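Here is the input, now give the coordinates:
(one chain, ligands or ions: 1)
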Amino acid sequence: PPLYKQRYQIVLELVEKFKAKKVVDLGCAECTLLSRLKFCNCIEVLAGVDTDLDLLREKMYRLSPLPCEYLQPRGSPLTVRLYQGSVAVKDPYMLDFDFVSCIELIEHLDPPVLEKFPEVVFGYMNPAIVVVSTPNADFNPLLPGLMGFRHWDHRFEWSREEFQAWSLDAANKYGYTVEFTGVGRGPPGTERLGYCTQIATFLRNFPKSMLPAETKNAERSYKLVYEVVYPSLK
Ligand code: SAM
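Now for the predicted structure:
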């Protein structure tokens, strides 16, 4: 399967493994990952966040229930919401999620936004699980004809060492344990360059009950763009 599907597969497997109930995809773009996640029966609240309002408005109907979903309702409830907002900003809508995915997002962030990311995602949102993927620059020599970055909008592409240092720093600061993996193998003999996409999975070290509650009445800055409640038997 193409690389993007392999990335989504990793997220889907982790959601199923941890039976995540409240899942948010940061930088959800075309809502492609969300359109797959909605078939995970464990999820009760599924949200997407992106700064690009036009893109969300164009793609949001991908998340509306299909006729067959009315005819055969889910066993468990599901609400899907899309927000326009930035990962640099704390918004009370983002509290209470237990699973956060950030697929190919961080390399699009300007330095001041990237700097805020750990504080917002780990410190404030504080979910049990965070999955972050980003290109592995060590792999770039294997990409034919590549000059510079893989995409014009990338602000950086990190080596495994750089990504792991950033991840470990955030994990240590906010009480998470992090593991590294990836998707997209090179041809035999290139294993030392790692995967095409590098992935960090962060697991919170403490149960939520041990943490101070965030104040919910803080000011909202995210804009709710789309909301749909799925038909369900419960
Ligand atoms: N996650 C998507 C996927 O795997 O299909 C791809 C993400 S796309 C490469 C990057 C997205 O991040 C864009 O849709 C962009 O609008 C969004 N973005 C950029 N800066 C952001 C920010 N500060 N907060 C939230 N989203 C942001």
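
C-alpha from now on. contacts and neighbour counts both.
Will do.

As a quick check, tell me the outermost residue of this structure.
residue 189 (31.4 Å; Cα atoms, centre = their mean).

and that residue, that's in a strand?
No. With DSSP: H, G, I helix; E, B strand; the rest coil as the criterion, residue 189 is located in coil rather than a strand.

pLDDT wise, what is it at?
Residue 189 is assigned a pLDDT of 96 by the prediction.

go on, residue 208?
77.

Could you do the one 5 residues further on as well?
According to the prediction, residue 213 has pLDDT 71.

helix, strand or coil for the residue most central in space within the chain?
Per Cα atoms, centre = their mean, the C-alpha nearest to the average position across the chain is that of residue 101, at 1.7 Å. The three-state label given to residue 101 by three-state DSSP is strand.

next one: residue 155
coil.

neighbours around it, how many?
14 (other Cα atoms under 10 Å).

Might one say that it is in contact with residue 107?
Yes. At 5.6 Å, residue 155 counts as touching residue 107 under the criterion of Cα atoms under 8 Å.

where does this protein have low pLDDT?
Residue ranges of the chain with pLDDT under 70: 214-217.

quick one: the strands in it?
22-26, 45-50, 79-84, 99-103, 129-135, 176-183, 197-204, 223-229 (DSSP state E).

Spell out which parts of this structure neighbour the ligand.
26-29, 32, 49-52, 85-88, 103-105, 108-109 (Cα under 6 Å from any ligand atom).

which of those are buried?
26-29, 49-52, 85-88, 103-105, 108-109 (16 or more other Cα atoms under 10 Å).

in the chain, which spans are helices?
3-18, 32-37, 53-59, 67-71, 111-118, 160-174 (DSSP state H).

and the third one, what does it pack onto?
Identification of packing neighbours for helix 53-59 by 3 or more Cα pairs under 8 Å, 6 or more residues apart in numbering; DSSP states H and E yields strand 79-84, strand 223-229.

10 Å instead, please
strand 45-50, strand 79-84, strand 223-229 (3 or more Cα pairs under 10 Å, 6 or more residues apart in numbering; DSSP states H and E).

Next, the buried residues of it.
53, 56.

quick one: buried residues of stretch 115-132?
Here stretch 115-132 shows 117-132 as buried, counting by 16+ other Cα under 10 Å.

Now residue 50: closest residue in space, sequence neighbours ignored.
residue 27 (4.6 Å; Cα to Cα, 6 or more residues apart in numbering).

So what does that neighbour have for phi and psi?
phi 70, psi 50 (degrees, to the nearest 10).

Would you mind writing the CA trace of stretch 208-225 as PDB?
Extracted C-alpha coordinates of stretch 208-225, given in PDB (Å, rounded to 0.1, in the frame of the first residue of the first chain):
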ATOM      1  CA  LYS A 208      -5.200  11.200  34.300                       C
ATOM      2  CA  SER A 209      -6.700  11.300  37.800                       C
ATOM      3  CA  MET A 210      -3.200  12.100  39.200                       C
ATOM      4  CA  LEU A 211      -3.000  15.400  37.200                       C
ATOM      5  CA  PRO A 212      -4.300  18.800  38.100                       C
ATOM      6  CA  ALA A 213      -7.600  19.500  36.200                       C
ATOM      7  CA  GLU A 214      -7.200  22.100  33.500                       C
ATOM      8  CA  THR A 215      -9.600  25.100  33.800                       C
ATOM      9  CA  LYS A 216     -12.400  24.500  31.400                       C
ATOM     10  CA  ASN A 217     -13.800  28.000  31.400                       C
ATOM     11  CA  ALA A 218     -10.700  29.400  29.600                       C
ATOM     12  CA  GLU A 219     -11.500  31.400  26.500                       C
ATOM     13  CA  ARG A 220     -12.300  29.600  23.300                       C
ATOM     14  CA  SER A 221     -10.300  30.400  20.200                       C
ATOM     15  CA  TYR A 222     -11.100  27.300  18.100                       C
ATOM     16  CA  LYS A 223     -14.000  27.600  15.700                       C
ATOM     17  CA  LEU A 224     -16.400  24.700  15.400                       C
ATOM     18  CA  VAL A 225     -16.900  24.200  11.700                       C
END
